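**Q** Turn this into a structure:
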Amino acid sequence: MLDRPLTIFMSAAEASGDDHASRLIEAIRRRIPTARFVGVAGEKMAQAGCEVLADLTRRASMLGGPFLRLGYYVRTIRRIQRQMREIRPDIHIPVDSPAMNWHLAATAKSIGAPVVYYIAPQVWAWAPWRVRKLARLTDHVACILPFEQRYLRDRGVRATYVGHPLFETLPPRPETLPDLAEAWSQGAWRVAMLPGSRPAEIRQHSPTLLLAARKITRRWPGAKCTFTARTKEAAEAIRRSCRGGGIDITVGRLREVLAESHFAVAVSGTVTVEVAYFGVPMVVIYRTGRLLRLLRRLVGRWGVPTPHFALVNILAGRRVVPELMPWHGRKKIVTSMVMEVMDDLGYLFETRKALLDLLDPIRGQMKQSASDRTAELVCRVLDRRGLI
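**A** Residues are numbered from 1 along each chain as shown. As a prediction, the model looks like this:
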């Protein structure tokens, strides 16, 4: 037992991680009211009481973005590592973002602090050879996908499935879902266009989603296609990528749009779970370059535990919705798939039922939230160390 406040070092580099980490801070504080939280944090973590050493959430990017700002990231991570050594936290909780958190976890281990990783890096998808590194750098991993626990445990990682944090924030689903038959017969479609949240994702996908939207409205003049953006900055990035385009964009209203939608074209990510929760049939895409195509071939040889990459298909263990992953940028493939799926009313009804049947049991089976289960995991690790 410590004779001073327990110090917990948290690190999240993206907006979603900041959101999940903020709720974890609140869950831990309910159990350890005097704990001090410090680390790499965004606005929500700061509001939850975390001292901010650096905020990387506004710079988060993907697929090439970090390489363009490599110097900044290297300097920042080295500075944070120095601060971590000075602070000497009692435990480190990295949240997602392995590109940063591998380095910080290594520093935490070097000063004797246990590491509980929340939201496991998806090494099974992109780097299975790094599982041994994950085992070496962590004392426990909190997994948010059901199959990850067995996959990691079989490879020497202490891992526990805690549930998906997204389910902590989902609102009640509308009692009556949008009428698919009416949309199909009258052409009164409401289509959600979800181009992603990171700058690189928006640049790579928005023009193709715009083309799909134009094809939909030419076929069905009564259709309305709505682009969703997390922030005003993201909305401006969508407009730039679409070169104006006369598009309809809404900011911060993703779930309201999904509640009214008959169909969605979505960039792969956690958002596909939100789309599925509202029973919206979808096509999922994600553009990749040559390097990732090569990695996919290599990973395939080494045994990825799922043949799918869209999260809803991973959760289902089968292809519930069409996915173009990897997709190499040919727009016609996307538009053709979208039109083919929207033309098949029977398939749309089957997909809606499959999505609802998939998400409802997963949401209902956890008696505690992911944050609460992870907080208890953290407390067990601290208790074993004699820190609480």
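
**Q** Find the centremost residue of the protein, please.
**A** When the chain is reduced to its mean C-alpha position, the nearest residue by CA atoms, centre = their mean turns out to be T270, at 4.0 Å.

**Q** nearest spatial neighbour of it, skipping sequence neighbours?
**A** Once flanking residues are discounted, T270 sits nearest to L166: 6.0 Å by CB to CB, 6 or more residues apart in numbering. Any C-beta I mention is one placed from the backbone N, CA and C, and that applies to glycine too.

**Q** circling back: report the contact partners of the residue nearest to the centre of the chain.
**A** 16, 166, 311 (CB atoms under 8 Å, 6 or more residues apart in numbering).

**Q** Please, which helix or strand holds the residue lying closest to the last one once chain neighbours are set aside?
**A** The one in question is L311. Nearest non-adjacent residue to L311, counting by CB to CB, 6+ apart: T272, 5.1 Å away. Following DSSP states H and E, one finds T272 within helix 271-277.

**Q** Point out where the stretch 101-250 of the chain drops to low pLDDT.
**A** Applying pLDDT under 70 to the stretch 101-250 of the chain flags the ranges 126.

**Q** what ranges do the strands span in it?
**A** Secondary structure of the stretch 101-250 of the chain (DSSP state E, counting those that start in this stretch): strands located at 116-118, 140-143, 159-161, 190-194, 224-229, 248-251.

**Q** Kindly reformat those as CSV containing mean neighbour count and distance to K133.
**A** Shown next, in CSV, are the strands of the stretch 101-250 of the chain (neighbours: other CB atoms under 10 Å; distance: least, CB to CB, whole Å):
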stretch, mean neighbour count, distance to K133
strand 116-118, 26, 11
strand 140-143, 25, 12
strand 159-161, 20, 14
strand 190-194, 26, 33
strand 224-229, 23, 35
strand 248-251, 15, 39
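
**Q** between those strands, which one is nearest to E260?
**A** Evaluated over those, closeness to E260 peaks at strand 190-194, with 5.3 Å, by CB to CB.

**Q** who's in contact with the residue nearest to L311?
**A** Shown in contact with T272 (CB under 8 Å, 6+ apart): 266, 282, 284, 310-312, 321.

**Q** cool, A237 as well?
**A** Taking CB under 8 Å, 6+ apart as the test, what A237 contacts is 199, 202-203, 206, 229.

**Q** just P121 next, same as before
**A** 96, 98, 101, 127, 130, 134.

**Q** Could you rerun that using 10 Å?
**A** Residues counted as contacts of P121 (CB atoms under 10 Å, 6 or more residues apart in numbering) are 94, 96-99, 101-102, 127, 130-131, 133-134, 138, 141, 148.

**Q** now T107
**A** Taking CB under 10 Å, 6+ apart as the test, what T107 contacts is 9, 77-78, 80-85, 92, 113, 115, 137.

**Q** Which pair of the contacts of P121 spans the longest distance?
**A** A99 and E148 (19.0 Å).

**Q** ok, back up a step: what about burial for the contacts of P121, which qualify?
**A** Those of the contacts of P121 that meet the buried threshold are 94, 96-98, 101-102, 127, 130-131, 133-134, 138, 141, 148, by 16 or more other CB atoms under 10 Å.

**Q** any chance of those residues in CSV, with distance to L56 too?
**A** Formatted as CSV, those follow (distance: CB to CB, whole Å):
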residue, distance to L56
P94, 13
D96, 12
S97, 8
P98, 13
N101, 11
W102, 14
A127, 21
R130, 21
V131, 25
K133, 21
L134, 21
T138, 21
V141, 22
E148, 25
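
**Q** just checking, which of those residues belong to helices?
**A** Using DSSP state H, the members of the buried ones among the contacts of P121 that fall within helices are 98, 101-102, 131, 133-134, 148.

**Q** Tabulate these (JSON lines), appending distance to L358.
**A** As requested, these are exported to JSON lines (distance: CB to CB, whole Å):
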{"residue": "P98", "distance to L358": "27"}
{"residue": "N101", "distance to L358": "29"}
{"residue": "W102", "distance to L358": "32"}
{"residue": "V131", "distance to L358": "27"}
{"residue": "K133", "distance to L358": "32"}
{"residue": "L134", "distance to L358": "27"}
{"residue": "E148", "distance to L358": "17"}
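
**Q** Pick out whichever of the residues you listed sits closest to S185.
**A** Each of those was checked against S185 using CB to CB; the closest is E148, at 42.3 Å.

**Q** So the closest one sits against Y117, correct?
**A** No - the criterion here is CB atoms under 10 Å, and E148 misses it with Y117 at 11.2 Å.

**Q** if we can go back for a sec, could you dump the strands of the stretch 101-250 of the chain to JSON lines with distance to R214?
**A** Listed next are the strands of the stretch 101-250 of the chain as JSON lines, based on distance: least, CB to CB, whole Å:
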{"stretch": "strand 116-118", "distance to R214": "41"}
{"stretch": "strand 140-143", "distance to R214": "41"}
{"stretch": "strand 159-161", "distance to R214": "42"}
{"stretch": "strand 190-194", "distance to R214": "11"}
{"stretch": "strand 224-229", "distance to R214": "8"}
{"stretch": "strand 248-251", "distance to R214": "12"}
